[in-house]
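Visitor: for reference, the sequence and a predicted model appear below.
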Amino acid sequence: MKISQQLAALIVSLSLFSCTKSQEELYPEHKIIDININGYIAADSLQLKLGNRVVEATEDGSSHYFQGKVSTKQVSNGPTTFSVFDSKGVQLLERKIDGAALSNTVKFYYDGTSLIDKLPEIPKPTPGNVGILVNFPERTFSKIPVKDIAIEVYIAKRGQPTIRKVYPLNEEGNAYADLTVPATYTSMTLKVVKAASPSELYLDNSKTSIVLMNVPKPDKGALMLIKEYADGGNFMGIQGIELTQYLN
């Protein structure tokens, strides 16, 4: 009788083991991945997708397209692909999210024509200072090599000393200014100049080479994107977009 009971118990345990193994094969353990999507759409509207799923722009699902500031947290049950499409259905971005990290962040800026998603991280300034990272990645119209360009930071106020410093662009088109700026100064000028002769603007006087911005608060950083632009096919100069406000 004991032998029969032992055999019955063994058969039941083997059956449970087989069932459990089959369940593991049919229902493998998935890795939950958090995806934070932050961006700004200056013109037009964009559709965002994770895999084949459309990311809804509103909680009630009434809109499939985002406009203006984008800030949404999504969850994926395993590796996926993040993609962005314009209002005509043209794909502007595709990024693989392989699940190696459980928390992922995607940042982008769209001006209605081109999408930028590789935004450099802003270094922390010296305590008490302000930090300004200037990003000038492309010279679409002027074609001027990055090695020939520098950024002059100019801060002036009546009755106060003038602050003027020059920073060459690196190979990625970035320049970082770590400055002590007294609280009495509220605005500053960024001039794009010739690296070999900083007293000269990098473009002739008929085109804009200057960007104005507010002075960041102490211990804070700012990211200024500089782009060349045209109006009606005519090259007009540069424009600056302070991205920090959109992508924090």
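Guide: Looks like it arrived, so ask away.

Visitor: contacts for the host helix or strand of residue 76?
Guide: Assessed by DSSP states H and E, residue 76 sits inside strand 66-77. Identification of contacts with strand 66-77 by Cβ atoms under 8 Å, 6 or more residues apart in numbering yields 30-41, 44-48, 50-51, 55, 57, 97, 99, 108, 246. The way it works is simple: take the backbone N, C-alpha and C, and place the C-beta from them, glycine included.

Visitor: grab the most central residue of the chain for me.
Guide: residue 107 (3.3 Å; Cα atoms, centre = their mean).

Visitor: thought that residue was touching residue 39?
Guide: Yes. Under the criterion of Cβ atoms under 8 Å, residue 107 makes contact with residue 39 at 6.1 Å.

Visitor: sheet-wise, list the partners of the lengthiest strand in the chain with their directions.
Guide: Among the segments of the chain that qualify as a strand by DSSP state E, the longest is strand 32-50. Strand 32-50 pairs in its sheet with strand 53-54 (antiparallel), strand 66-77 (antiparallel), strand 80-86 (antiparallel), strand 103-110 (parallel), by DSSP bridges.

Visitor: next, format these as CSV and append mean pLDDT and distance to residue 232.
Guide: CSV is the format used below for those (pLDDT from 0 to 100; distance: least, Cβ to Cβ, whole Å):
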stretch, mean pLDDT, distance to residue 232
strand 53-54, 95, 36
strand 66-77, 93, 25
strand 80-86, 96, 22
strand 103-110, 91, 22
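
Visitor: can you redo those as JSON lines with distance to residue 179?
Guide: Output for these, formatted as JSON lines (distance: least, Cβ to Cβ, whole Å):
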{"stretch": "strand 53-54", "distance to residue 179": "44"}
{"stretch": "strand 66-77", "distance to residue 179": "28"}
{"stretch": "strand 80-86", "distance to residue 179": "35"}
{"stretch": "strand 103-110", "distance to residue 179": "24"}
